[in-house]
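Trainee: take this sequence and fold it.
(one chain, ligands or ions: 2)
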Amino acid sequence: MELDLIGILNNNGASLKVDGTVSFENMEFSGTEYKFSAPLSIQGKIANVSGVLEFSAHVTGSADTFCDRCTKPIGIEIDYEFNETLVQADTEVEDADDVLVLDESVINVDDIALNNFLTNCSLQHLCKPDCKGLCQVCGADKNTEKCSCEENVTDPRLDVLNHLFKD
Ligand SMILES: [Zn+2]
Ligand SMILES: [Zn+2]
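Mentor: Numbers count the residues shown, from 1 in each chain. Ligands and ions are numbered 1, 2, ... in the order given. Take a look at the predicted model:
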């Protein structure tokens, strides 16, 4: 979604309601795949507060990813809020790192929402909180199978120690 802020850009106290959807491309982020089969809802507003535009929004929806432990496909709920400060290129700001400088009056809401998704998204996604994961030897799903190798697994580093102590 693109929004033209021209109406509130130079109008202290004015605000613009944001109510619609944003679409994210399927992506991989820090080793996790995300698939978005439907656009996400976004609700919020952009308010001109003494010449600075304060964008606050709430994004909700769902995505498909994989369990970090057993790799089973899972659906996750997306629900986050963000605040973004937008300023015009000629505005003097104290900390330029915290603001988004506008080159033009039109903003791409999808891009802003996506950047905030990446900073908000949880680093771990599990099919269930106590997922047992996969056997590191045979790859069996330990939630549903009991493999025989499990008992005999030793840490190779411990093997080295065992040898040392034997001598
Ligand atoms: Zn799992
Ligand atoms: Zn196994």
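
Trainee: mind splitting the chain into its structural domains?
Mentor: Here the domain parsing of the chain from automatic domain parsing is 2-131, 132-167.

Trainee: make TSV from the ones you listed and add distance to ligand 2 and mean pLDDT to it.
Mentor: No exception for glycine: its C-beta is placed from N, CA and C like everyone else's. Converted to TSV, the domains of the chain look like this (distance: least, C-beta to the ion, whole Å; pLDDT from 0 to 100):
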stretch	distance to ligand 2	mean pLDDT
domain 2-131	13	92
domain 132-167	3	76
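
Trainee: I'd like these as a markdown table, with distance to ligand 1 and mean neighbour count appended.
Mentor: A markdown table is the format used below for those (distance: least, C-beta to the ion, whole Å; neighbours: other C-beta atoms under 10 Å):
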| stretch | distance to ligand 1 | mean neighbour count |
| --- | --- | --- |
| domain 2-131 | 3 | 14 |
| domain 132-167 | 6 | 11 |
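
Trainee: which strands and helices lie in contact with the strand or helix carrying V101?
Mentor: Assigned by DSSP states H and E, V101 belongs to strand 99-102. Here strand 99-102 touches strand 73-88, going by 3 or more C-beta pairs under 8 Å, 6 or more residues apart in numbering; DSSP states H and E.

Trainee: other residues contacting the strand it packs on?
Mentor: 5, 9, 40, 46, 51-67, 93, 98-102, 107, 112-113, 116-117, 120-121, 125-127 (C-beta atoms under 8 Å, 6 or more residues apart in numbering).

Trainee: identify the residues contacting the residue nearest in space to the middle of the chain.
Mentor: The centroid of the chain falls nearest to C121 when counting by C-alpha atoms, centre = their mean (2.8 Å). Residues near C121 by C-beta under 8 Å, 6+ apart: 29, 34, 78, 80.
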